[in-house]
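> predicted coordinates and the sequence they were generated for:
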Amino acid sequence: MGKDRTAALVRISGGVQGVSFRVWTRARAEQLGLVGWVRNEDDGSVKALIAGPETAVSAMLKEFWKGPPGASVVAVEVEVASPEAMPSGFQITA
């Protein structure tokens, strides 16, 4: 990825499982041109790795606070991740 690319590992907490959060995340990420993955966690949160242009990653981080209809987001925790060796496309992994 180029110098204008970035990546983030994100944990979204609240009422985020059972509301199509993963499907919504993949659709929104693809619209923004991001690559990565999203999965449900055993603790009820959703975890995502997103990578792409800085502006698109920033936009997705804001979108996570809204989520799909029916979601109730209470926290979005972000860790910087390496944009190297990202998957192609955006996948729901679990």
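Cool, the structure landed. Source: prediction; values computed, not measured. Numbers count the residues shown, from 1 in each chain.
> all strands of the chain, in order?
In the chain, the segments counted as strands under DSSP state E are 5-15, 35-40, 46-53, 72-81, 90-92.
> out of the ones you listed, deepest packed?
Burial of the strands of the chain is given as mean neighbour count (mean count of other CB atoms under 10 Å); strand 46-53 ranks first at a mean of 23. No exception for glycine: its C-beta is placed from N, CA and C like everyone else's.
> tell me what that one is packed against?
strand 5-15, helix 21-32, strand 35-40, helix 54-66 (3 or more CB pairs under 8 Å, 6 or more residues apart in numbering; DSSP states H and E).
> now A94: how far from A48?
To A48, A94 is 12 Å away according to CB to CB, to the nearest Å.
> need the overlap of contacts for these two.
R39 (CB atoms under 8 Å, 6 or more residues apart in numbering).
> which stretches of the protein have low pLDDT?
Residues of the chain meeting the criterion pLDDT under 70: 1-3.
> in space, what's closest to the residue sitting nearest the centre point of the chain - neighbours in sequence excluded?
Nearest to the mean C-alpha position of the chain, by CA atoms, centre = their mean, lies A48 at 4.1 Å. Nearest-residue entry for A48: V38, 4.2 Å, with adjacent residues in sequence omitted and distances by CB to CB, 6 or more residues apart in numbering.
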